[in-house]
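Chemist: Sequence below, structure please.
(one chain, ligands or ions: 2)
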Amino acid sequence: MTDLSTNSTLGSSQPGEAQLGDYFALLKPRVMTLVVFTAFVGLLAAPVPVHPFIGFCAILFIAVGGGASGALNMWWDADIDGVMKRTAKRPIPAGRVEPGEALGLGLALSAFSCVFLGLATNWLAGGLLAFTIFFYVVIYTMWLKRSTPQNIVIGGAAGAFPPMIGWAAATGSVSVEAILMFSLTFMWTPPHFWALALFMRSDYDDAGVPMLTVTHGRRSTRVHILVYTLLLAALAVGTAFTSVGGPVYLAVALVLNALFIKGAWDIFRRDEAASETDNYKTEKRFFKLSLLYLFAHFGAILVEAGLSRFGLGGW
Ligand code: HEM
Ligand SMILES: CC(C)=CCC/C(C)=C/CC/C(C)=C/COP(=O)(O)OP(=O)(O)O
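Modeler: Ligands and ions are numbered 1, 2, ... in the order given. Just a heads-up that it's a prediction; the model follows:
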C-alpha cells in the first residue's frame with residue numbers, strides 16, 4: 001500500500017536526469033491497477049468469448065490509454081503538483097522530466113492506444129477510450145478540478161468508463177451490464193476521494209484547488225461521505241439482483257457495504273480534534289477500505305460471470 005504522505009516515485013534520479021522509472025511514474029501505475037482490473041472484468045463479464053490474445057491486447061491498450069491520461073494530467077497539473085507535499089516529488093515538478101516530454105509521451109500514447117484498441121477490437125471501444133482520456137484530461141483536469149468542489153463528482157465519470165470500454169471491446173456494444181458497472185465506480189469515487197481529501201486538506205488549500213474540504217470544510221465533507229456511501233450501498237446491493245449479480249456477489253456486497261457504512265458513520269461522528277490527535281487513522285482506514293471495496297465488487301462480478309459459463313451464475 002502506498003505511503004500516502006509521499007509520492008510513489010519509481011526513479012531515484014536527480015533534477016535534470018530522467019530515468020526510465022520517471023517516465024513510467026508519469027503513467028500513474030498504482031492508480032491504474034484498479035482501473036485496468038475493472039476494464040478486465042468488463043471484458044471478461046461480457047457474454048461473448050474473446051480470443052485470449054485479443055483480450056490481452058485490449059487490456060494492454062486500455063492500460064496504455066489510462067497511463068497516457070495520467071501523463072497528460074501531470075503535464076497540466078505540474079504547477080499545483082509542485083506545491084502539494086504528496087505530489088511535489090513527481091517527475092515534472094522535481095525537474096527530472098521536461099513538461100514537453102510528458103505532453104509528447106501522453107499525446108503519442110493516447111493516439112497509439114485508441115487506434116490500436118480500435119483495430120484490435122472495434123471502433124466503439126477505441127472511441128470510448130478516446131472519450132475517457134478526453135474526459136479525464138480536458139473536462140476533469142483542465143476545467144472542473146480548479147473550478148468547482150463538484151470536480152470529482154462529475155469528473156469521476158472518467159474513472160468509471162474502463163469497465164464499459166472492456167465490455168464494448170468484447171461485444172461491440174454498450175448494454176445495461178456496462179452501465180451498471182459504470183454506475184458502481186461512479187458512485188464509489190466521491191467517498192474514495194473525499195476520505196483522502198480529509199487528511200490531505202492542507203495540500204489542496206496550499207495549491208488553491210477547490211476540493212470540498214477546502215470550500216465547504218471538513219464537517220460538510222464528512223456528511224457528504226456518509227450520504228454518498230449510503231447511496232452507493234443501495235446501488236451496490238441492488239446490483240446483486242441484476243444480470244451482473246448473483247449470490248456470490250450479494251454475499252460480497254452485504255459484507256463490504258456493512259463495513260463501508262460503518263466506516264462512513266465513524267468518519268461522520270468524528271470531530272476534527274479527535275482526528276488530528278490520531279492523525280486521521282479512521283479516514284485513512286476508510287480510504288484503504290475503499291480500494292478493497294471496488295476490487296472485491298468487481299472480483300465478485302467476475303466470479304458470477306465465470307460461474308454462468310457453467311450454468312451456475314446468477315439467480
Ligand atoms: C476523479 C476521480 C478520482 C480522484 C480525484 C482520485 C484521487 C486519488 C488520489 C489523490 C489518490 C492518492 C494517491 C496517489 O496519487 O497515488 C488515489 C489513490 C488511488 N486511487 Fe483514486 N481517484 C479517483 C478515481 C479513482 C478510480 C476511478 C480508481 C480505480 C477504478 C482509483 C484508484 C485508486 C487507487 C488504486 C489508488 C491507490 C494508489 C496507490 O496505492 O498508490 N481512483 N486516488
Ligand atoms: C482508461 C482511462 C483513460 C482511464 C482513466 C481513469 C481515470 C480517469 C482515473 C482517475 C484516477 C485519478 C488518479 C484521479 C486523480 O486525479 P487528480 O489529478 O485529482 O489526482 P492527483 O492530485 O494525484 O494528480
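Chemist: and this protein, which of its residues are near ligand 2?
Modeler: 28, 31, 35, 62, 65-66, 69, 73, 77, 87, 129, 132-133, 136, 141, 145, 158-159, 162 (C-beta under 6 Å from any ligand atom). For every residue, glycine as well, the C-beta is placed using N, CA and C.
Chemist: what about burial for these, which qualify?
Modeler: For the residues of the chain next to ligand 2, a burial check counting by 16 or more other C-beta atoms under 10 Å picks out 28, 31, 35, 62, 65-66, 69, 73, 77, 87, 129, 132-133, 136, 141, 145, 158-159, 162.
Chemist: could you pick out which of those residues are near ligand 1?
Modeler: Okay, of these touching ligand 1 (C-beta under 6 Å from any ligand atom), that's 31, 35, 159.
Chemist: What segments of the stretch 51-200 of the chain are strands?
Modeler: Ranges of strands within the stretch 51-200 of the chain: none, based on DSSP state E, counting those that start in this stretch.
Chemist: In helices, which of the residues of the chain next to ligand 2 fall?
Modeler: Per DSSP state H, helices hold the following members of the residues of the chain next to ligand 2: 31, 35, 62, 65-66, 69, 73, 129, 132-133, 158-159, 162.
Chemist: Take those and lay them out in a markdown table including distance to Arg219 and pLDDT.
Modeler: Listed next are those as a markdown table, based on distance: C-beta to C-beta, whole Å; pLDDT from 0 to 100:
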| residue | distance to Arg219 | pLDDT |
| --- | --- | --- |
| Val31 | 28 | 94 |
| Val35 | 31 | 95 |
| Ile62 | 39 | 98 |
| Gly65 | 38 | 98 |
| Gly66 | 34 | 98 |
| Ser69 | 33 | 98 |
| Asn73 | 30 | 98 |
| Leu129 | 39 | 98 |
| Thr132 | 34 | 98 |
| Ile133 | 36 | 98 |
| Ala158 | 28 | 96 |
| Gly159 | 26 | 96 |
| Pro162 | 33 | 98 |
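Chemist: Which of the residues you listed sits closest to ligand 1?
Modeler: Gly159 (2.3 Å; C-beta to the nearest ligand atom).
Chemist: Val223 is in what secondary structure piece?
Modeler: For Val223, the element it lies in under DSSP states H and E is helix 217-239.
Chemist: pLDDT on the helix or strand just after that helix, on average?
Modeler: Past helix 217-239, further along toward the C-terminus, the next helix or strand under DSSP H and E is helix 247-269. Here helix 247-269 scores 98 as its mean pLDDT.
Chemist: What are the buried residues along helix 247-269?
Modeler: 248-250, 252-253, 256-257, 260, 263-264, 267.
Chemist: Can you pull the phi and psi angles for the residue lying closest to Glu177 once chain neighbours are set aside?
Modeler: Using C-beta to C-beta, 6 or more residues apart in numbering and skipping residues adjacent in sequence, the residue nearest Glu177 is Val244, 5.0 Å away. Dihedral angles of Val244 (phi, psi; degrees, to the nearest 10) stand at phi -90, psi -10.
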